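**Q** Can you look at this prediction? I've put the sequence above it.
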Amino acid sequence: MTARQSPGPVRTTETLPVTAPLGARGMMRWAWRQMTSMRTALFLLLLLAIAAVPGSLFPQRPANPALVTRYIKDNPEYGEILDALQLFDVYASAWFSAIYLLLFLSLIGCVTPRARAHYKALRSQPPRTPKRLSRLPQYGTLILPADAAVPAAQAVTDAARLLKERGYRVHVRDTDGDLPSVGAERGYLREAGNLLFHTSLIGVLVCVAIGGMFGYRGQKIIIEGGTFVNTLVSYDAFTPGTNFDAATLAPFAVTLENFDVRFDRESTKQFGQPIDFTATLTTKDGADGTTRQQILKVNEPVYFGATGMFLVGNGYAPVVTIKDGTGKTAFSGPVVSIPNDGVYTSTVVIKAPDAAPSQLGFVGFFLPSAVTNEAGVAYSFDPDPFNPQLNLNSYYGDLGLDTGQPQNVYSLDVKNLTQLNGRDLPAKGITLGPGATYTLPEGKGSISFDGLKRYIGVDVRSDPGQAGVLVFSGLAVLGLIISLYINRRRVWVRAGNAEDGRTMVEYGLLARGEDHRLAPEATAIRSLLTRHWGQEDAP
C-alpha cells in the first residue's frame with residue numbers, strides 16, 4: 001500500500017488597498033470640511049457659552065479694576081495665575097477671541113453651501129413619481145366610476161390644481177401617456193428658516209464685534225451737586241474699543257441734584273434692606289441742548305442717543321475740611337467712601353498733599369449710624385445716616401504723589417509715613433460727628449467733619465452694534481420657530497383608465513424627517529379630492 005503525502009498549507013495573497021497620502025492641499029480641504037460642519041458649529045457655540053462663564057464668576061477689570069486688584073491681593077495663592085490666564089478680562093482674552101472667530105468662520109462655511117443648495121432646490125422641479133407609491137408611509141387609492149366622466153389626465157390636472165391651492169409646488173407629467181401623474185412638494189420655508197437662524201447668528205457675532213471695536217465703556221462717581229461732562233478726562237475708568245475715536249463721544253452733561261434711597265422699615269425679616277434707588281439728574285445734550293430733569297434708577301438707564309448711563313453703585317461722601325500746621329486750608333470737599341457691608345460701613349481715605357510743613361493722610365471708616373458695643377468698638381446698626389461718624393487714623397510725611405507714579409485714590413501707603421493718631425497711640429484715634437473738629441498732635445493742623453452727601457456710581461456705555469444685536473436676535477428666534485413648526489412634505493398622485501371606463505387614482509405622501517402630522521395631511525388631501533369629484537370618502 002502506497003503512502004500518500006498530504007499537500008502543504010495553501011497560501012493566499014490578499015491585496016490591501018493602498019491609501020495615498022492626503023498632502024498639504026488634501027489636509028487643508030479635510031480641515032475646512034470639519035470646520036464648516038454643523039456639528040463643529042454647534043460645538044463651538046456650546047464652547048463659547050462655557051467660556052463666558054468665568055466672566056460671571058470672577059470680577060472683570062473693564063467693569064471694576066479696583067475690585068480685581070483687591071481680589072488678587074486677597075487671594076495671593078492663585079490670583080496671579082488667574083490674571084495670567086486672562087480670567088479677569090474674559091471677553092477680551094486671546095482664548096475667548098479665538099473661539100469667537102472660529103465660530104464665525106464655521107457658521108459662514110456652514111451656511112454658504114446650504115444656501116446654494118437651497119437656491120437650486122427652489123429652482124428645480126419636484127421629484128418624479130416613484131414606481132411603487134404603495135411603499136410610501138402614507139398611501140391610498142380612489143376609484144372614480146365611469147359615469148363620473150373624469151379621465152386620467154383630467155384627474156391628475158384637478159389634483160395638481162387642488163394641491164397648488166394648498167400651498168404645494170406642483171409639476172404634472174405624462175399627461176399624454178397611460179399613467180399621468182403629478183409631483184408636489186412644500187415646506188421649503190423650513191430650510192429658509194434654518195438658514196435665517198444661522199445667518200442671524202452670524203449677524204449677532206458681527207454686531208457684537210462692531211460694538212467691541214467702536215464702542216466704549218466708562219465708570220464715573222458723581223457726588224450730589226457734582227457735574228459730569230462726557231469727555232475722556234472726566235472718567236474715573238475708561239475702556240475704549242480697539243477702533244474707538246474720541247470724536248464719537250456723545251456731547252452731554254449730567255448734574256446729580258439728589259439721590260434718594262428707600263430702605264425697608266416695615267418687614268421684620270428684611271428690615272433695613274434697600275427697596276429703591278432714585279437719582280434725580282439735570283441733563284443737557286450738547287452745548288445748544290435744552291436742560292431737562294431725568295430720573296435714573298437701577299435697570300432704568302438714561303440714554304443720550306445711543307449712549308446709556310446705568311446706575312451701578314452708591315454710597316456716602318463725608319464733607320471734610322483739613323487745615324495744615326500754618327492754618328491754611330489744605331483740603332476741603334466731599335470724600336468718597338467705599339461701602340463694605342449692607343449697613344454701609346465704609347472705608348475712607350483722605351490725602352492732603354498741599355498741607356505744610358508736612359503732607360497729611362487719613363485712613364479709617366465711616367459709620368452711617370454709629371453705636372459702641374461693650375468692648376468699646378464702634379459699628380453701624382443701620383444704613384440710614386441716623387448718627388454719622390468718622391473714625392480715622394492720621395499720618396504725616398511724603399505721600400509719594402510727587403513722583404509721577406499713579407496711585408489708587410482709595411488706598412494709602414503708610415510705609416514711609418509717620419503715624420499721628422491710632423488706637424494704640426497716646427493721642428488715640430480720631431472720632432468725629434457732623435460739625436465736629438479735631439486738632440492734630442504736634443501742631444500738624446486740624447480736620448473737621450462738615451456734613452454728609454451721597455454719591456452714585458454710573459456706568460456709561462456706547463455700543464454701536466446693540467441695535468443690530470436686537471434685530472438679528474429677533475430674526476434668529478423667528479427662523480428657529482419657522483424651522484421647528486414647518487414640515488417639508490412630498491405628494492404624488494397618479495391616475496390610469498381601466499378597461500371598464502373607471503378611473504383608478506392612487507396617491508402617496510412622504511415627509512423629509514420626522515412629521516407626526518403627515519397622516520392628518522393624507523386624510524385632508526383625500527377628503528379634498530373626493531369632495532371635488534363628488535364621491536364618497538371610501539377607502
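**A** Nice, thanks for sending it over.
**Q** From Ser446, how far out is Ile221?
**A** 27 Å (CB to CB, to the nearest Å). The way it works is simple: take the backbone N, C-alpha and C, and place the C-beta from them, glycine included.
**Q** likewise Gly376?
**A** For Gly376, the distance to Ser446 (CB to CB) stands at 24 Å.
**Q** Those two: which has the busier surroundings?
**A** The residue with more neighbours, out of Gly376 and Ser446, is Ser446; 15 against 7, by other CB atoms under 10 Å.
**Q** Specify the beta-bridge partners of that one.
**A** Judged by DSSP bridges, the bridge partners of Ser446 are Lys323, Thr439.
**Q** Pull up the per-residue confidence for it.
**A** On the pLDDT scale, Ser446 is placed at 94.
**Q** That one and Thr321, how far apart?
**A** For Ser446, the distance to Thr321 (CB to CB) stands at 8 Å.
**Q** tell me what the helix or strand where Ser97 lies is packed against?
**A** Assigned by DSSP states H and E, Ser97 falls within helix 94-123. Contact partners of helix 94-123 among helices and strands, from 3 or more CB pairs under 8 Å, 6 or more residues apart in numbering; DSSP states H and E: helix 23-35, helix 38-51, helix 188-214.
**Q** how about the helix or strand just after it: buried residues?
**A** Proceeding C-terminally, helix 94-123 gives way to strand 138-144 as the next helix or strand, assigned by DSSP H and E. Judged by neighbour count using 16 or more other CB atoms under 10 Å, the buried positions of strand 138-144 are 138-140, 142, 144.
**Q** Just list what strand 138-144 packs against, helices and strands only.
**A** With contacts defined as 3+ CB pairs under 8 Å, 6+ apart, the packing partners of strand 138-144 are strand 503-511, helix 518-533.
**Q** Do me a favour and average the pLDDT over the longest one.
**A** What it means is helix 518-533. Per-residue confidence for helix 518-533 averages out to 92 on the pLDDT scale.
**Q** and it, how far from the chain's centre?
**A** Its chain's average C-alpha position is 48 Å from that of helix 518-533, according to CA atoms, centre = their mean, to the nearest Å.
**Q** Flag every buried residue along that helix.
**A** Buried residues in helix 518-533, defined by neighbour count with 16+ other CB under 10 Å: 518, 521-522, 525-526, 529-530, 533.
**Q** what's the angle between it and strand 138-144?
**A** With axes from the mean of the first three to the mean of the last three CA atoms, to 10 degrees as the basis, helix 518-533 and strand 138-144 are set at 10 degrees to each other.
**Q** what residues does helix 518-533 touch?
**A** When contacts are taken as CB atoms under 8 Å, 6 or more residues apart in numbering, the neighbours of helix 518-533 outside the stretch itself are 137-138, 140, 142, 144, 148, 150, 155, 158-159, 162-163, 166, 487, 489, 491, 493, 505, 507, 509, 511, 536-537.
**Q** Next: the shortest one.
**A** The contact list for strand 503-511, computed with CB under 8 Å, 6+ apart, reads 130, 133-144, 148, 150-152, 155, 159, 487-498, 518, 521-522, 525-526, 529.
**Q** Only alpha carbons, please: show it as CSV.
**A** Output in CSV follows, covering the C-alpha atoms of strand 503-511 (Å, rounded to 0.1, in the frame of the first residue of the first chain):
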residue,chain,number,x,y,z
THR,A,503,-60.5,55.9,-13.4
MET,A,504,-58.1,54.5,-10.9
VAL,A,505,-56.3,57.1,-8.7
GLU,A,506,-53.5,56.4,-6.2
TYR,A,507,-51.6,58.8,-4.0
GLY,A,508,-48.7,58.7,-1.6
LEU,A,509,-47.1,61.1,0.8
LEU,A,510,-43.5,61.3,2.1
ALA,A,511,-42.0,63.6,4.8
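**Q** now it, how far from the centre of its chain.
**A** Averaged over its C-alpha atoms, strand 503-511 has a centre that lies 50 Å from its chain's centre (CA atoms, centre = their mean).
**Q** mind listing what Ser462 touches?
**A** 215-217, 248-250, 306-308.
**Q** out of these, which one sits closest to Val298?
**A** Gly308 (13.3 Å; CB to CB).
**Q** did I read that right, the closest one in a strand?
**A** Yes - the assignment for Gly308 is a strand, going by DSSP: H, G, I helix; E, B strand; the rest coil.
**Q** ok, now how distant is the closest residue to it other than its chain neighbours from Glu77?
**A** Of all residues not flanking Gly308 in the chain, Pro301 sits nearest, at 4.5 Å (CB to CB, 6 or more residues apart in numbering). Shown here: Pro301 relative to Glu77, a distance of 38 Å by CB to CB.
**Q** quick one: which of those two has more around it?
**A** Pro301 (16 against 6).
**Q** I figured the more buried one hits Phe310, correct?
**A** Yes - shown here, Pro301 and Phe310 form a contact pair, counting by CB atoms under 8 Å, at 4.6 Å.
**Q** Can you show me the helices along the stretch 401-539 of the chain?
**A** Secondary structure of the stretch 401-539 of the chain by DSSP state H, counting those that start in this stretch: the helices cover 466-485, 518-533.
**Q** Low-confidence regions, the chain specifically.
**A** Counting by pLDDT under 70, the low-confidence segments of the chain come to 1-22, 63, 404, 536-539.
**Q** Is Thr431 in contact with Gln389, as I believe?
**A** Yes - using CB under 8 Å as the test, Thr431 is close enough to Gln389 to be in contact (6.5 Å).
**Q** Give me the common contacts of the two.
**A** Ala378.
**Q** Looking at these two, which has the bigger crowd around it?
**A** When neighbours are counted by other CB under 10 Å, Gln389 comes out ahead of the other of Thr431 and Gln389, with 22 against 18.
**Q** Roughly how far does that one sit from Thr345?
**A** Taking CB to CB, one finds Gln389 at 11 Å from Thr345.
**Q** what residues are shared contacts of those two?
**A** Listed contacts common to Gln389 and Thr345 are 366-367; contacts here mean CB under 8 Å, 6+ apart.
**Q** which residues touch stretch 475-488?
**A** Contacts with stretch 475-488, where a contact means CB under 8 Å, 6+ apart, come from 185-201, 203-204, 511-513, 515, 517-518.
**Q** Got a ChimeraX select line for the buried ones in those residues?
**A** With 16+ other CB under 10 Å as the burial test, the buried ones among the contacts of stretch 475-488 are selected in ChimeraX as follows:
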select :185,186,187,189,190,191,192,193,194,195,196,197,198,199,200,201,203,204,511,515,518
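**Q** Dig out what Pro318 forms beta bridges with.
**A** With DSSP bridges as the criterion, Pro318 is bridged to Leu452.
**Q** distance of it from Glu257?
**A** Looking at Pro318 against Glu257, where the rule is CB to CB, the gap reads 20 Å.
**Q** Those two: which has the busier surroundings?
**A** Neighbours were counted for Pro318 and for Glu257 using other CB under 10 Å; Pro318 has more, 23 against 12.
**Q** How about the contacts made by the more buried one?
**A** Residues touching Pro318, when contacts are defined by CB under 8 Å, 6+ apart, comprise 334-335, 337, 348, 366, 388, 390, 449, 451-453.
**Q** next one: Tyr139
**A** Each residue near Tyr139 by CB under 8 Å, 6+ apart is listed here: 133, 506-509.
**Q** Of those, which pair is most distant in space?
**A** Pairwise distances among the contacts of Tyr139 were taken by CB to CB; the largest, 11.6 Å, belongs to Glu506 and Leu509.
**Q** May I see the buried residues of stretch 30-42?
**A** Burial within stretch 30-42, assessed by neighbour count using 16+ other CB under 10 Å, is assigned to 36, 40-41.
**Q** sorry, back to before: and of the buried residues of strand 138-144, the nearest to Val409?
**A** Gln138 (76.1 Å).
**Q** tell me the contacts of that closest one?
**A** For Gln138, the contact set (CB under 8 Å, 6+ apart) comprises 508-510, 518-519, 521-522.
**Q** Kindly present these as a markdown table, with separate columns for distance to Ala356.
**A** What follows is the contacts of Gln138, written out as a markdown table (distance: CB to CB, whole Å):
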| residue | distance to Ala356 |
| --- | --- |
| Gly508 | 101 |
| Leu509 | 96 |
| Leu510 | 94 |
| Leu518 | 92 |
| Ala519 | 95 |
| Glu521 | 93 |
| Ala522 | 98 |
